[in-house]
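Trainee: here you go, sequence then predicted model.
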Amino acid sequence: MGNYCFTVPILPGGIELARKWNQENIVDNKEHDEVFKEAGISREHVWIQHLPQGDFAVASFETDNPEKSLRLLATSNKPWAVKFREHLNKAHGMDIAQSPMQLNEVAVNWKA
C-alpha cells in the first residue's frame, strides 16, 4: 500500500470547521468508511501545520492508486462524499468536483 500526501490551505475559521467536521463526520462514521474503502483508501492522517504564510492541512492517504482515490472522492454521489466536498469548499476553498486535484510531482525518491 502506498502513501500519498498533499497539503491544502485552511481558510480563516477553517480549523474550527475541520475539528467539528472530523468529530461529526469521520470518527466512527460508517458512511465515511464506506466511501474511503470504495476509493481504495485504507488509512487517513491529517495534520494542521501553522506557517507564517497561513495554516495548512497536511493529509496522508494510504492507497495504491491516488488518482482513482481522488477521482472517486470528487465524483461520488453518495451523501457522505457530497458532504465531504461541501466541507472542502467551506474549510479550504476547494471545489474538487469542478477542479480535480492534480497529482503531486515526485521531486525526490530516495531509499537506503
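Mentor: On my side now, so go ahead.
Trainee: touching whichever helix or strand Phe36 is part of from outside, list them.
Mentor: Here Phe36 sits within helix 30-38, counting by DSSP states H and E. Contact partners of helix 30-38, identified using C-beta atoms under 8 Å, 6 or more residues apart in numbering, comprise Asn25, Ile26, Ser42, Glu44, Leu72, Leu73, Ser76, Lys78, Pro79, Trp80, Ala81, Phe84. C-betas here are computed from N, CA, C, even on glycine.
Trainee: which strand or helix spans the fourth one?
Mentor: This points to Glu44. Counting by DSSP H and E, Glu44 is part of strand 43-51.
Trainee: the last one too?
Mentor: If you go by DSSP H and E, Phe84 is part of helix 79-92.
Trainee: against which helices or strands is that helix packed?
Mentor: Here helix 79-92 touches strand 3-9, helix 14-25, helix 30-38, helix 66-75, going by 3 or more C-beta pairs under 8 Å, 6 or more residues apart in numbering; DSSP states H and E.
Trainee: repeat that with 6 Å
Mentor: helix 14-25, helix 30-38 (3 or more C-beta pairs under 6 Å, 6 or more residues apart in numbering; DSSP states H and E).
Trainee: ok, back up a step: buried residues in the helix holding Phe36?
Mentor: Under the neighbour-count criterion of 16 or more other C-beta atoms under 10 Å, helix 30-38 has His32, Val35, Phe36 buried.
Trainee: centre of the chain versus that helix, how much separation?
Mentor: From the chain centre to the centre of helix 30-38 is a distance of 13 Å (C-alpha atoms, centre = their mean, to the nearest Å).
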